[in-house]
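Chemist: sequence unknown, structure follows:
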């Protein structure tokens, strides 16, 4: 009896195990079927990318957004866009520090649809990131196919999850003015896709050239595209193809034309002081290590990176890490595996333009997390490939997926948390001033946001830090700090202190017209309080200085109109009110200008 029971239990257990195995196998087939369905995967990745950054839809304009969009929305109109925008050789060349017409066009379109609403601009940023994630997925599928990698769908899917969720992308997506990186990536990935497809049908090369051109018009980092294309051909064994000469020639001509028609040259890069070559090389290697650290450990964000880690040990370690990665790439090529080498090469080549920024100091911040948006593609591909490849060789593929999904959870949580920093200008600069306490700019910007929030005493405390010894500062920072301190005291009706700080401002920068305007305002107030014409004449003097520097400053024209009205010089008051309106003065100041015109009509 006991023997029969034992046999019955064993049979039942075997049947149960068989049923469980069949169920798990069926589930595995469903998962594999989903991963192999490119359309469903693309839709899922788009929605995931959009969903993880949806909290940014509630964020305000911050940092450069305020001056570039919020305060200049009236300049973002379709009438400014014509055929010369995308073809500078048909006009008079390119003017300005940056030439990013695609970025400008996208802002104009947003402004036409949404007005000066941060919601619409954030919606576009999130959409561009979602599109980039889908294009990254398609690009990785093609790259893996060219290297004949097994289970390319699984690797592409996991790598794309990393790209969709990576916390280093928060700055690029949540900061509207960093949109150039998103736009550049869209066309950069498309250019890679079409370049690979052109091996099968040559006419795809035309689309590759077109997308490369648009990526150049989005951001300068696109100059790395030919390097990536050549590196891909070298590592995949396609370098000796006859069609490559045509490809490389067109890419080279496009880059030459791009730089030739720029009126703003990167002269500081080519006028290198050879006595400081060693220092430049140290910055180059150290910047690479810094960015690699950020890719591997993206959990400690900093929106204002004021300086690069220095020191001999850091430099030596950076050289060692780079040599190890180069060795790993060499072994990858020798073993005819390729993906590891290409992923590392992608990171190095796309980081090159941003390392130039660090070496020659051509930006306010020598380093920035938004610069890692395109380089992170190589990192995500590398990690996705290594996790699944190593687990496959260990005959335990679930291990790779397990580690991958745990990493995705961490990425998700830190990406959600990171967006809160970019909620508004106050939260951004409060966080940045804690992360970079020894630099004046975060303190000045935080002080300005406190001033706008009416927290004058806190604003004074932050602004005064710009003048503290040991804080990295200079005349430019002193100008903004002293001007804002003047505004704080003007708001507190402490006119003597306000005048003192505005006077300091013009001593730091005699061409800072807005300080002259504020001095004029102070003397108008003094004139009204003391009923003294001498104060109005002093106000006239300061306002004329402001207008000598900025002829179409509407507020100065309006203030001057008020001065002349008080002095009884009605004709002059009328003239200045007309000039104020012609300068584009907006409400409610425009209403005051129209009132002056009415009362001075006869």
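Modeler: Sure, I can see it. The structure displayed is predicted, hence computed values, not measured ones.

Chemist: All the helices of the stretch 451-600 of the chain, residue numbers only.
Modeler: For the stretch 451-600 of the chain, the helices defined by DSSP state H, counting those that start in this stretch occupy 456-464, 475-491, 495-508, 513-530, 533-549, 554-566, 570-582, 589-599.

Chemist: looking at those helices, which is buried most?
Modeler: Most buried of these, by mean neighbour count (mean count of other Cβ atoms under 10 Å): helix 554-566, with a mean of 23. C-betas here are computed from N, CA, C, even on glycine.

Chemist: What is that helix packed up against?
Modeler: In this structure, helix 554-566 makes packing contacts with helix 513-530, helix 533-549, helix 570-582, helix 589-599, judged by 3 or more Cβ pairs under 8 Å, 6 or more residues apart in numbering; DSSP states H and E.

Chemist: and the longest one, average pLDDT?
Modeler: This means helix 513-530. For helix 513-530, mean pLDDT is 92.

Chemist: ok, residues contacting it?
Modeler: For helix 513-530, the surrounding residues in contact (Cβ atoms under 8 Å, 6 or more residues apart in numbering) are 483, 486-487, 490, 495, 498-499, 502-503, 505-506, 509, 532-533, 535-536, 538-543, 545-547, 549-550, 553, 555-556, 559-560, 562-563, 566.

Chemist: weakest of the helices of the stretch 451-600 of the chain in terms of mean pLDDT?
Modeler: Among the helices of the stretch 451-600 of the chain, helix 589-599 carries the lowest mean pLDDT (a mean of 87).

Chemist: quick one: contacts of that one?
Modeler: 554-555, 558, 561-562, 565, 573-574, 577-578, 580-581, 585.

Chemist: Save the helices of the stretch 451-600 of the chain as TSV, and put in distance to residue 420 too.
Modeler: TSV is the format used below for the helices of the stretch 451-600 of the chain (distance: least, Cβ to Cβ, whole Å):
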stretch	distance to residue 420
helix 456-464	20
helix 475-491	25
helix 495-508	33
helix 513-530	32
helix 533-549	39
helix 554-566	35
helix 570-582	41
helix 589-599	35
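
Chemist: out of these, which comes closest to residue 147?
Modeler: The closest of those to residue 147 is helix 475-491. By Cβ to Cβ, the value is 49.4 Å.

Chemist: Can you pull the phi/psi pair for residue 367?
Modeler: When quoted as degrees, to the nearest 10, the phi and psi of residue 367 stand at phi -130, psi 150.

Chemist: Enumerate every residue touching the nearest residue to it once chain neighbours are set aside.
Modeler: Excluding its sequence neighbours, the residue lying closest to residue 367 (Cβ to Cβ, 6 or more residues apart in numbering) is residue 305, at 4.3 Å. Contacts of residue 305 were listed using Cβ under 8 Å, 6+ apart, and they are 365-369, 436.

Chemist: quick one: average confidence on the host helix or strand of residue 164?
Modeler: Per DSSP states H and E: residue 164 is located in helix 152-165. With pLDDT averaged residue by residue, helix 152-165 scores 96.

Chemist: now do stretch 40-49
Modeler: On average, stretch 40-49 scores 96.

Chemist: buried residues in it?
Modeler: 41-42, 44-46, 48-49 (16 or more other Cβ atoms under 10 Å).

Chemist: From residue 106, how far off is the residue nearest to residue 107 when sequence neighbours are not counted?
Modeler: Leaving aside its chain neighbours, residue 107 sits nearest to residue 76 (5.5 Å; criterion: Cβ to Cβ, 6+ apart). To residue 106, residue 76 is 10 Å away according to Cβ to Cβ, to the nearest Å.

Chemist: How about residue 73: what's its closest non-neighbour residue?
Modeler: Of all residues not flanking residue 73 in the chain, residue 116 sits nearest, at 4.0 Å (Cβ to Cβ, 6+ apart).

Chemist: wait, what's in contact with the one you found?
Modeler: Going by Cβ under 8 Å, 6+ apart, residue 116 touches 69-70, 73.

Chemist: Among those, which one has the most neighbours?
Modeler: Greatest neighbour count in these, by other Cβ atoms under 10 Å, goes to residue 69: 21 neighbours.

Chemist: can you map out the strands along the protein?
Modeler: Using DSSP state E, no strands are found in the chain.

Chemist: mind showing which ranges of it have poor pLDDT?
Modeler: In the predicted model of the chain, residues 1-36, 74, 82-97, 242-243, 262-279, 359-363, 602 satisfy pLDDT under 70.

Chemist: Show me the domain layout of it.
Modeler: Under automatic domain parsing, the residue ranges defining each domain of the chain are 1-36, 37-422, 425-599.

Chemist: Quick one: end-to-end distance for the last one.
Modeler: Between the opening and closing residues of domain 425-599 there is a gap of 41 Å (Cα to Cα, to the nearest Å).

Chemist: now it, how far from the chain's geometric center?
Modeler: Relative to its parent chain, domain 425-599 has a centroid offset of 30 Å by Cα atoms, centre = their mean, to the nearest Å.

Chemist: Give me the neighbour count for residue 111.
Modeler: Neighbours of residue 111 under the rule other Cβ under 10 Å: 21.

Chemist: ok, it - contacts?
Modeler: Neighbours of residue 111 in contact, by Cβ under 8 Å, 6+ apart: 69, 73, 76-77.

Chemist: And the furthest pair within those?
Modeler: Across the contacts of residue 111 (Cβ to Cβ), the longest gap, 12.8 Å, separates 69 and 77.

Chemist: Residue 536 contacts residue 565, correct?
Modeler: No: assessed by Cβ atoms under 8 Å, residue 536 is found out of contact with residue 565, at 9.8 Å.

Chemist: any idea how far the nearest residue to residue 114 once chain neighbours are set aside lies from residue 187?
Modeler: Closest residue in space to residue 114, ignoring its immediate chain neighbours: residue 120 at 2.6 Å, by Cβ to Cβ, 6+ apart. Remark: distance between residue 120 and residue 187 (Cβ to Cβ) = 22 Å.

Chemist: Between these two, which has more neighbouring residues?
Modeler: Taking other Cβ under 10 Å, residue 120 and residue 187 do not tie; residue 187 has more neighbours (24 against 18).

Chemist: Next one: that one from residue 200, what distance?
Modeler: 21 Å.

Chemist: Over to residue 343?
Modeler: Per Cβ to Cβ, residue 343 is found 23 Å from residue 200.

Chemist: okay, these two: which has more neighbours?
Modeler: residue 343 (28 against 7).

Chemist: Report whether the expected contact of that one with residue 384 is present.
Modeler: No: the criterion here is Cβ under 8 Å, and residue 343 misses it with residue 384 at 9.3 Å.

Chemist: quick revisit: out of the helices of the stretch 451-600 of the chain, which comes closest to residue 191?
Modeler: It's helix 475-491; of those, that one is closest to residue 191 (Cβ to Cβ) at 37.7 Å.

Chemist: and that closest one, what does it pack onto?
Modeler: Counting by 3+ Cβ pairs under 8 Å, 6+ apart, helix 475-491 packs on helix 440-452, helix 456-464, helix 495-508, helix 513-530.

Chemist: Now distance to residue 401 too, for those helices, in CSV please.
Modeler: Formatted as CSV, the helices and strands packed on helix 475-491 follow (distance: least, Cβ to Cβ, whole Å):
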stretch, distance to residue 401
helix 440-452, 41
helix 456-464, 48
helix 495-508, 59
helix 513-530, 58
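
Chemist: Would you tell me which of those helices gets closest to residue 161?
Modeler: The closest of those to residue 161 is helix 440-452. By Cβ to Cβ, the value is 33.2 Å.

Chemist: Report the angle between the closest one and helix 475-491.
Modeler: 20 degrees (axes from the mean of the first three to the mean of the last three Cα atoms, to 10 degrees).

Chemist: wait, what's in contact with residue 248?
Modeler: Taking Cβ under 8 Å, 6+ apart, we find residue 248 in contact with 226, 229-230.

Chemist: Thank you, goodbye.
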